[in-house]
Each structure stands twice: as C-alpha cells, then as structure tokens.
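> How does the following fold in three dimensions:
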Amino acid sequence: MEDETTESRNRSRLAILELANMISVPMSLNAIVRLNVPDTIWEGGANTPLSAPQIIAKIFPSGGGDPENLQRILRMLTSYDVFSEHLDTDITERKYSLTDIGKTLVTDADGLSYASYVLQHHQEALMRAWPLVHEAVVDPKSEPFVKANGEPAYSYYGKKPEMNWLMQKAMSGVSVPFMKAILEGYEGFNGVQRLVDVGGSAGDCLRMILQKNPNIRQGINFDLPEVVAKAPEILGVTHVGGDMFKSIPEGDAVFMKWVLTTWTDDECKLIMKNCWKALPAGGKLIACEPVLPKESDDSHRTRALLEGDIFVMTIYRAKGKHRTEEEFKELGLSAGFPHFRAFHFDHFYTVLEFQK
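Numbers count the residues shown, from 1 in each chain. The predicted structure is shown next:
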C-alpha cells in the first residue's frame, strides 16, 4: 500500500478532489452569466471593484438575492482568474473586478460576448448527455446526446427556435474576435471575387471578410435552410439554404469555420470533395479548425483543445473529432487537394488552406 503521509500522495488526493468537483467551474460561469454579473461590474468600462452585496443591489434593485452565496461563486471563479479579488486590510470585505478572462463575458456594442457560448453549452438537453460520456466508448455508433435526447443535436436544435437562436448568437460571439485576429494577418482572400461560407450561420464572418476584402464582389452564406431563414440581410451577401453533403455553391474560394471537427473522417472527405467540385483549378478551401498538438501536456491551449474534442464526441458526433495538422493534410489529399498550408493566428483555431 502507498504511504498516505507523503507529499506526493497528498498532492494526488488533492488533485483528484479538484477534478471530481470541477463541474463547479462551468456551472458557476453559467450562473454569473445568467445573473448578468460581468456586465454589472463592467458598467460601461468602469470595472470598479464591487462587493457581493453591491452587485446584488444592482442586479435586484427591488430587493432579494443572497450576497453570501454570490460571494462563494465569485471566490471560486477568482481562483480561475475570471475575477480579481480586492481585500480590505482587515479582510472584512471582499470586492471583485473583471480580469481579461472575465471581460470576454462582457456584452459589446454589437450585443456579443462569450456569455452566449457559456449558456449554449449548458442547456438542459446538452447537460443530459454528459453522464453518458462512457457510452461513446461502449457504443460509438451514436453520440451520448442522441442517447439522452432521442435525435442528433443539429436536428434537435432545428425544432427548438430558442436553442437555434442561442447557438447562432454563441457562434457569433466566438467568431467575431477570432475573425478580427485572422483578418489582420491572413492574406488568403486576396484575388477572390466569389466566396462561399459553408456553415456561415448568421453571416457574421462573411460580413467581416467582405468589409476587409473589397475585391470580393459576392458572398454566399451557405447553411441549413432553417438557419439562413433567420439570418439578417447583409450587403453583398446572398443567403443560400442547402445540404453540404449533397452539394456546395460554386465560388473562387470556400470558407468554413469549426465545421470539419464535428464530423467523422468519411463525412469530412465527402464535405471536402463537394468543396473540391465547387472550386476552379487553383481555388482554395479555407478551413478554420481546432488543431490538436502532437503531444499531450498541461498547457491551457492543449487542455482547451482536448476538452473541446470531448464536447464534440459527446454532443455532435461520437466519431467526430479534433485532428492534428497531419490528419487534416491527409483528409485534404484524399479529397483531391494536393496542396496544404497551415497558418497560426489564434491559440484555439488554425487556418488550414487546401488548394485545388
């Protein structure tokens, strides 16, 4: 038996307790978003440190709310660098401001933030799937979401307008900061006149690309009919409903973001082959996808990517997955793309360029 008095065993016991209780972290994030805590502290850019009673008073001006329980949540999230804690000299009062991580949850001038992404990930239908993660190992023919809800996530969303709306808002909140980052450095849209965005949702990415690249005369926002039906009018953009597994509109280049990662290898090959058919000689498929490192480590980047991989396995496809650069290159070759390049502008997404 192990000597339970050693420092190593003490650290191990502590680590497994942290892991076992880690559900507290995302659910507390969910709670502060629902309570509108980030916007309350930010208050138009002030970010003035506030105590839990002060936050409660702003959230519930007519009274109510429990400041002690809110403070418990704030303290825990402070340990994950979501908030900064400010203590009086006698530690009688704790106040909280937003860190850079916390600021990602603040609503911007366009009504966007990562807050919708947090809410979208913790809806009841998705939460029902998580106790069944082991089923992806036992029976990978269907993902835990299907076992919990009776049908695949995308078709389930399509029947629930509020879920479909929240998913669109979540994707916009994540996409806009990422697109700002890559549009500052990526030059792959130069010379493109007709661009097709596959899985473009509300068209936010396409709008930003067109604003930055006036050479693009026409943008095609291609997604499921029920998705584009709710997409807003955007100058220079035509919304087209369809099925990427059947065909993709023609263009000089095809753009997609976080599409391939939710499908199996065979499904990715079919999507990419349809992209190949839609492109002229020399045309490009530009895919922005999470790319796994070759080796596992405990960095924030690796953990975020691997955690996202488990999310895909649980919610979208049991055999859908995040992939390494080499795996993406092989998929491209199998779909007919002889040329492949990777560009790194973001810690989570990589820009993958497949040229016909």
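> Got the phi and psi for Phe83?
Note on Phe83: backbone dihedrals following degrees, to the nearest 10 are phi -130, psi 160.
> what sits against it?
Ile41, Leu74, Leu77, Tyr96, Ser97, Leu98, Thr99, Gly102 (CB atoms under 8 Å, 6 or more residues apart in numbering). Any C-beta I mention is one placed from the backbone N, CA and C, and that applies to glycine too.
> hang on, the last one is in a strand, isn't it?
No. The secondary structure assignment for Gly102 gives helix rather than a strand, going by DSSP: H, G, I helix; E, B strand; the rest coil.
> circling back: in helices, which of the contacts of Phe83 appear?
The helices, defined by DSSP state H, take in Ile41, Leu74, Leu77, Gly102 from those.
> now for those residues, which pair is the farthest apart?
Ile41 and Leu77 (11.9 Å; CB to CB).
> before we move on, the earlier item: now that we have the ones in helices among the contacts of Phe83, which one has the most neighbours?
Ile41 (26 neighbours; other CB atoms under 10 Å).
> Tell me who's in contact with it.
The contact partners of Ile41, by CB under 8 Å, 6+ apart, come to Asn47, Thr48, Leu50, Ile55, Phe83, Tyr96, Ser97, Leu98, Gly102.
> ok, what's across the strand from the third one?
Using DSSP bridges, the beta-bridge partners of Leu50 come out as Tyr96.
> contacts for stretch 54-73?
28, 31-32, 35-37, 40-41, 50-53, 94-96.
> of the residues you listed, closest to Thr261?
Ser28 (26.8 Å).
> which non-adjacent residue is nearest the closest one?
Spatial nearest neighbour of Ser28, chain neighbours left out: Ile73 (4.8 Å); criterion: CB to CB, 6 or more residues apart in numbering.
> From Ser24, how far off is that neighbour?
Going from Ile73 to Ser24 by CB to CB, to the nearest Å gives 9 Å.
> So for these two, which residue has more residues nearby?
Applying other CB under 10 Å to Ile73 and Ser24 shows that Ile73 carries more neighbours, namely 20 against 15.
> I'd assumed Met256 was in a strand, is it?
Yes. Met256 forms part of a strand when assessed by three-state DSSP.
> Residue ranges in the protein under the pLDDT threshold?
Residues of the chain meeting the criterion pLDDT under 70: 1.
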